[in-house]
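Visitor: 3D, please:
(one chain, ligands or ions: 1)
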Amino acid sequence: MLNKKSVDDINVKGKKVLVRCDFNVPLIDGKITDENRLVAALPTIKKLIADGGKVILCSHLGKPKGEPVPELSLAPVAARLSELLGQEVKFAADREVVGPNAKAAVDVMKDGEVILLENTRYRIEETKNGEAFSKDLASLCDVFVNDAFGTAHRAHCSNVGVTQFVDTAVVGYLMQKEIDFLGNAVNNPERPFVAILGGAKVSSKISVIENLLDKVDTLIIGGGMSYTFSKAMGGNVGKSLLEEDYCQYALDMLKKAEEKGVKLLLPVDNVIADDFSNDANTQVVLRGEIPDGWEGLDIGPETEKIFCDAVQDAKTVVWNGPMGCFEMPNFAHGTEAVAKALADTDATTIIGGGDSAAAVNQLGYGDKMTHISTGGGASLEFLEGKELPGVAAANDK
Ligand code: AMP
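Guide: The predicted model follows:
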């Protein structure tokens, strides 16, 4: 059980608080085209303002690779955050991030004021977790708050290194929610616990499958990765996505599931296409009966029913990876059916970041899920059972 100190466990009145946020937003010509991440950061920022802290925000944006890149400045974020918060967020423009300008701006802060530092990746040490920049960041503050889950699987100065040089390092509300669901609910689930995995490759989900096989009652495998299982079981998969090298692994997993008493569900039918395009000719065939020249691009209708039924009686469901090539509307049906089944159940529903989160939001089911993770890579590593450096670095309760 992960039990980290949070912003609710500290008193920041009159203190300088450095908050690592995830303001890595898409920008086109200096305009923010999706501000979800800014909105998601507001509860923690508002709490620290209300408590009378001097709030110093920091984040990375894109990959400037250790040098100032004007197009990747966080200045537009400061402007938009000011509007969202209804109070000025002063931008501490500084090519060194923590240089003379930023230090001067922090020195004159009053309680309840907010400033935003420049893109942390303007500094070459940031992604190397170098000591100099970690110390610079720590020198600005009395307390550190990490609310950036998207980078929690990386050990960088602004989320891990800095904690070595401050006495108090806690998590914000966003991080806390990720820990509660992806960490604690997955490790200590209300049963039956069903995991649904999809996406392109078995090879990228090996550790997730192994970790979840020790925890779940039912494991559902769809998407491109299911064809490697189908081939391993002696089926024909045509030109479907296949990782020959992982066929033995697939068989081992089937055996392991059986030994552990885990129900492992694979597609029983597939929607196949004669071309990798939305306009391709399609047909539905049974698993393992895909003719040469055809490829499986979605789960079939019978499989949809089986997968959705398995979810119905669950108390906890975790989902990572689409059931087919959902980017093409004609092959999105399986992914949509699973999203709907999760939206309709009373179970605790946890959606891993990345494609499944995007699919659920696109379909308008976002507010029907218990938790949609904000981190793609980070949520996958949590599901692998790994310790995330950004989480581990926060003080225990
Ligand atoms: P991942 O990043 O591993 O979760 O994979 C997500 C990608 O897998 C999406 O872009 C899907 O289009 C793709 N995908 C899912 N099912 C299939 C399939 N049957 N054939 C090819 N690609 C697939």
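Visitor: The residue in the stretch 1-150 of the chain positioned nearest to the ligand: neighbour count?
Guide: As assessed by Cβ to the nearest ligand atom, the ligand sits closest to G150 within the stretch 1-150 of the chain, at 15.6 Å. Bear in mind the C-beta positions are built from the backbone N, C-alpha and C, glycine included. Residue neighbour count, defined by other Cβ atoms under 10 Å, stands at 24 for G150.
Visitor: Now do the SS call for it.
Guide: At G150 the chain is in helix, as set by DSSP: H, G, I helix; E, B strand; the rest coil.
Visitor: Can you check the pLDDT for it?
Guide: Per-residue confidence (pLDDT) for G150: 92.
Visitor: I figured it hits C21, correct?
Guide: No. Here G150 does not reach C21: they are 9.8 Å apart, not a contact under Cβ atoms under 8 Å.
Visitor: Chain neighbours aside, what residue packs nearest to whichever residue of the stretch 101-250 of the chain sits closest to the ligand?
Guide: Using Cβ to the nearest ligand atom, the single residue of the stretch 101-250 of the chain nearest to the ligand is G199, 2.4 Å away. Nearest non-adjacent residue to G199, counting by Cβ to Cβ, 6 or more residues apart in numbering: G321, 3.0 Å away.
Visitor: Distance check, the one you found against L197.
Guide: Applying Cβ to Cβ, to the nearest Å, the value for G321 to L197 is 5 Å.
Visitor: hang on, isn't Q312 packed against T345?
Guide: Yes. Contact criterion Cβ under 8 Å: Q312 and T345 qualify, at 6.2 Å.
Visitor: More neighbours: which of these two?
Guide: Set Q312 next to T345 and count neighbours by other Cβ under 10 Å: T345 wins out with 18 against 13.
Visitor: hmm, back to that, ok, now which ones touch the residue of the stretch 1-150 of the chain closest to the ligand?
Guide: Each residue near G150 by Cβ atoms under 8 Å, 6 or more residues apart in numbering is listed here: 22, 24, 353, 374-378.
Visitor: Walk me through the domains of this structure.
Guide: Domain ranges of the chain: 7-175, 189-383, per automatic domain parsing.
Visitor: could you redo the ones you listed as TSV and give each row distance to V391?
Guide: Listed next are the domains of the chain as TSV, based on distance: least, Cβ to Cβ, whole Å:
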stretch	distance to V391
domain 7-175	5
domain 189-383	8
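Visitor: that older thread, show me just the buried residues among the contacts of G150.
Guide: 22, 24, 353, 374-376, 378 (16 or more other Cβ atoms under 10 Å).
Visitor: Give me the average confidence score over stretch 298-305.
Guide: Here the average pLDDT along stretch 298-305 is 98.
Visitor: swap that for stretch 134-143, sorry
Guide: Averaging pLDDT along stretch 134-143 yields 98.
Visitor: Touching it from outside, list them.
Guide: Residues contacting stretch 134-143 (Cβ under 8 Å, 6+ apart): 10, 12, 15-18, 53, 56, 58, 96-98, 102-103, 106, 120, 125, 144, 157-158, 161-162, 164-170.
Visitor: mind redoing it with 7 Å?
Guide: 10, 12, 15-18, 56, 98, 106, 157-158, 161-162, 164-166, 168 (Cβ atoms under 7 Å, 6 or more residues apart in numbering).
Visitor: What residues sit buried inside it?
Guide: 134-138, 140-143.
Visitor: next one: stretch 105-122
Guide: Buried residues in stretch 105-122, counted by 16+ other Cβ under 10 Å: 105-106, 109, 112-122.
Visitor: Sort out which of these are in helices and list them.
Guide: 105-106 (DSSP state H).
Visitor: Now compare the buried residues of stretch 105-122 and name the two farthest from each other.
Guide: Largest separation among these by Cβ to Cβ: G112 and R121, giving 28.6 Å.
Visitor: would the residue of the stretch 101-250 of the chain closest to the ligand count as being in a strand?
Guide: No. According to three-state DSSP, G199 belongs to no strand; its state is coil.
Visitor: For it, give me the pLDDT.
Guide: Note on G199: pLDDT of 94.
Visitor: What number of residues are in the vicinity of it?
Guide: G199: 23 neighbours (other Cβ under 10 Å).
Visitor: what are the ranges of the strands in the stretch 1-150 of the chain?
Guide: Assigned strands in the stretch 1-150 of the chain, in chain order: 16-20, 27-28, 31-32, 54-58, 89-92, 114-117, 143-146 (criterion: DSSP state E, counting those that start in this stretch).
Visitor: Let's have those strands in JSON lines, adding distance to the ligand.
Guide: Output for these, formatted as JSON lines (distance: least, Cβ to the nearest ligand atom, whole Å):
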{"stretch": "strand 16-20", "distance to the ligand": "26"}
{"stretch": "strand 27-28", "distance to the ligand": "22"}
{"stretch": "strand 31-32", "distance to the ligand": "25"}
{"stretch": "strand 54-58", "distance to the ligand": "29"}
{"stretch": "strand 89-92", "distance to the ligand": "34"}
{"stretch": "strand 114-117", "distance to the ligand": "32"}
{"stretch": "strand 143-146", "distance to the ligand": "26"}
